[in-house]
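Chemist: Kindly return the folded structure for what I paste below:
(chains A and B)
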Amino acid sequence: MRVVIAEDLALLRDGLTRLLRDNDCEVVAAVGDGDALLREVVDKRPDIAVVDVRLPPDFRDEGLRAALEARRRVPGMAVLVVSQYVEQAYARELLADRAGGVGYLLKDRIMHVAEFIEAVHRVADGGMALDPDVVAQLFSRRREHEPLERLTPREREVLALMAEGRSNAAIAESLVLTVGAVEKHVQSIMSKLDLPPSANDHRRVLAVLAYLQQDGADSATT
Amino acid sequence: MFGNPRSIAPSQADVTVGLLRADTLLRLLALAVAAAIICVATNVLVKTTATASATPRPAGPGPGLSGVAWRARSNPAWRIHAAADGIVVGFLIVIWGLTSRGYFWPVWVALPLALALAIHGWVVTTAGNQPLLDRFLGSRALAIVGGIFAALSLFYIGIWAASGGGSFWPIWPILALALVLSAYAAALRLSASNRAELTERIDVLEETRAGAVDEQGSELRRIERDLHDGAQARLVALGMSLGMAEQKLAEDPERAGQLLAEARAGAEQALRDLRDLARGIHPPVLTDRGLEAALSALADSTPIPVTLHVDLPERPPAAAETAAYFVAAEALANAGKHARANRVDIRIFRTGQLLTIEVADDGRGGADPEGSGLSGLRRRVQALDGRLRVASPPGGPTTILAEVPCGS
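Modeler: Predicted coordinates for the structure are as follows:
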């Protein structure tokens, strides 16, 4: 798997490069700003770009904007955005663009190396990796929502992991369940929330997220 | 009726002789006075010109009339002026004494000179004398104009007296001057209320500036404490776990693995602490996406249901935005912690140059406007020239209203 890294802090850039190389990823470029990222993705056509949200020159959300722009220039390229903090607003912007794999994770998650590498692969393969904190925000946004109340605690756990973008197998491993048990939970959740069943993990994630985000507006922003 | 002219001739001669004697005496007296004036004035002139450049002006005594007189006399320019006038008038008196008969004409030179000197002295005494100026509605211009008018009036009266009295004609120019002065004073009185407002404004600015400095200081102390007790302590613990893992690596790999997992958990917690701290200083999403996104994220992380209405055609200046955010954040925290509210409404809108933040909950009220949270918030809002009002009767509900100017 070929990776481009955009991270302005050399310490983290080198650390990330080493960590990915140690896990059989080929880091084809590691750059420090958004313009360089755009050059490299057009030039090298990587499988995935791992991008820090905050990049020079303004250290605000240049990374996010560069990542979205990179996807316009190289359609379908997977993007994994990492940050010291996660915000619902950024997640929405990233997810609005539904072409190709998308990930949005706290940098903290990199410390769980195996899970992080798994997320990189998932996103590179067109899947999704949404930070548990973002998912938790989505859930709290819908706290008064009836159908969610009807889910059992176990089903909520499964739904949260689905929203993070995990496959049934990964959910089963994470919750120490059999894949069959997870499938049953998933079916139950989809019917309780009135969502169409889907064999495709990615489409399922999108449906779940659309459901969770759909009128986040009734906790209401005008 | 007229009698014999002869018979009165001797007595007329007597009177003339008497007059001549009195006249001579007066002339001698005038010459003596003139000589004295010239001597004193020359002495003053020589002394003043010799020392004026060399001697720094001493600090004057306290305010008050003696101080005022002292100030005029101690002013070298005025002293030179007075001495020159004295010499000129002295010589005129000498010339009059030696040559003329009868009419004391030097008065016509002396009066304008005295007028000019009086005006000079008045300007010098009132310059920088605030207590004296304050008696003239605090206006130096009014004081100087009043002084000049007073000198002019005295000058007219002097002319009237010197020209032998008669009908008191100076009353008319004096009345006119008084009228002009009154109009001027009335105009000043009107602007004096502006002055009072300005004074009050300065008081408010001084107070809010001190408040802002206090608030900033206590914020920095809080941050230092949080860093010390939070992230720093966690990093120390993390380092200890790593050190122990290093020791155990060869002999007890399983234990080493546990320690490494602990170290990683410690690092994660330190990151969370730092993230919370950074968010408390300034939430990044506020800078990047503005009030609505920041407050929406805040509402999501609050256990109470929050209704958020943000009606802003454009982003307010950063300082106003930050203040608005922290007003809402503090009010939300209070609603959850103290008021046990079930619902919070946040409304943010802009009317003209004023950004209004209104946070209302349905809790049990009783918030203390002087509590540390709210008073810190007030200082924060006041530092921007804004206002914070808290209505929180016991039993509730609580409404917090902040208005922050956000003009260009």
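
Chemist: in chain A, which spans are helices?
Modeler: All helices of chain A, identified by DSSP state H, fall at A:10-22, A:34-44, A:62-73, A:88-96, A:113-124, A:132-141, A:146-149, A:153-164, A:168-175, A:179-192, A:201-213.

Chemist: and residue B:213, what element?
Modeler: helix B:171-227 (DSSP states H and E).

Chemist: after the helix or strand bottoming out on mean pLDDT in chain B, next one along is what?
Modeler: Within chain B, no helix or strand scores below helix B:65-73, which has a mean of 56 by mean pLDDT, DSSP states H and E. Past helix B:65-73, further along toward the C-terminus, the next helix or strand under DSSP H and E is helix B:76-98.

Chemist: What lies in contact with that following helix?
Modeler: B:27-28, B:30-31, B:33-35, B:37-38, B:40-42, B:44-45, B:48-49, B:51-52, B:72-73, B:104-106, B:109-110, B:113-114, B:116-117, B:120-121, B:124 (CB atoms under 8 Å, 6 or more residues apart in numbering or on different chains). From N, CA and C alone the C-beta is placed, and that goes for glycine too.

Chemist: doesn't residue B:299 make contact with residue A:140?
Modeler: No. Using CB atoms under 8 Å, residue A:140 is not in contact with residue B:299; the gap is 9.0 Å.

Chemist: Comparing these two, which residue is more hemmed in?
Modeler: In this view residue A:140 and residue B:299 are compared by other CB atoms under 10 Å in any protein chain shown, and residue B:299 has more residues nearby, 24 against 14.

Chemist: residues touching the more buried one, list them.
Modeler: So residue B:299 contacts A:219, B:306, B:308, B:332, B:346 (CB under 8 Å, 6+ apart).

Chemist: Let me have the residues you listed in a markdown table, adding pLDDT, distance to residue B:97 and secondary structure as columns.
Modeler: Below are these laid out as a markdown table (pLDDT from 0 to 100; distance: CB to CB, whole Å; DSSP: H, G, I helix; E, B strand; the rest coil):
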| residue | pLDDT | distance to residue B:97 | secondary structure |
| --- | --- | --- | --- |
| A:219 | 40 | 105 | coil |
| B:306 | 90 | 100 | strand |
| B:308 | 93 | 98 | strand |
| B:332 | 91 | 96 | helix |
| B:346 | 95 | 94 | strand |
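
Chemist: So for stretch A:102-117, mean pLDDT?
Modeler: For stretch A:102-117, mean pLDDT is 93.

Chemist: how far does stretch B:265-274 sit from the chain's center?
Modeler: 50 Å (CA atoms, centre = their mean, to the nearest Å).

Chemist: residues making contact with it?
Modeler: By CB under 8 Å, 6+ apart, stretch B:265-274 touches A:84, A:106-108, A:111, B:226, B:230-231, B:234-235, B:237-238, B:241.

Chemist: buried stuff in that stretch?
Modeler: For stretch B:265-274, a neighbour-count test (16 or more other CB atoms under 10 Å in any protein chain shown) marks B:266-274 as buried.

Chemist: Could you dump the residues you listed into JSON lines and include secondary structure and pLDDT?
Modeler: What follows is these, written out as JSON lines (DSSP: H, G, I helix; E, B strand; the rest coil; pLDDT from 0 to 100):
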{"residue": "B:266", "secondary structure": "helix", "pLDDT": "91"}
{"residue": "B:267", "secondary structure": "helix", "pLDDT": "92"}
{"residue": "B:268", "secondary structure": "helix", "pLDDT": "92"}
{"residue": "B:269", "secondary structure": "helix", "pLDDT": "92"}
{"residue": "B:270", "secondary structure": "helix", "pLDDT": "92"}
{"residue": "B:271", "secondary structure": "helix", "pLDDT": "92"}
{"residue": "B:272", "secondary structure": "helix", "pLDDT": "91"}
{"residue": "B:273", "secondary structure": "helix", "pLDDT": "90"}
{"residue": "B:274", "secondary structure": "helix", "pLDDT": "92"}
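
Chemist: ok, the closest residue to residue A:118 other than its chain neighbours to chain B distance?
Modeler: Closest residue to residue A:118 apart from its sequence neighbours, by CB to CB, 6 or more residues apart in numbering or on different chains: residue A:170 at 7.2 Å. From residue A:170 across to chain B, the span is 20 Å (CB to the nearest CB, to the nearest Å).

Chemist: pLDDT weak spots in the chain?
Modeler: Assuming you mean chain A. A:142-146, A:199, A:214-222 (pLDDT under 70).

Chemist: Let me rephrase: I mean chain B.
Modeler: For chain B, the ranges with pLDDT under 70 are B:1-20, B:51-74, B:100-102, B:126-140, B:408.

Chemist: All the strands of it, in order from the start?
Modeler: Along chain B, counting by DSSP state E, strands occupy B:306-311, B:344-351, B:354-361, B:387-391, B:399-405.

Chemist: Domain map for chain A?
Modeler: In terms of domains, chain A is parsed into A:2-130, A:135-216 (source: automatic domain parsing).

Chemist: what sits against the closest residue to residue A:133 other than its chain neighbours?
Modeler: Leaving aside its chain neighbours, residue A:133 sits nearest to residue A:86 (5.0 Å; criterion: CB to CB, 6+ apart). Shown in contact with residue A:86 (CB under 8 Å, 6+ apart): A:104-106, A:131, A:133-134, A:137.

Chemist: Then residue A:8?
Modeler: Residue A:8 neighbours (CB under 8 Å, 6+ apart): A:32-33, A:52, A:54-56, A:59.

Chemist: which among those gets closest to chain B?
Modeler: residue A:54 (7.6 Å; CB to the nearest CB).

Chemist: measure that closest one to residue B:78 for me?
Modeler: 70 Å (CB to CB, to the nearest Å).
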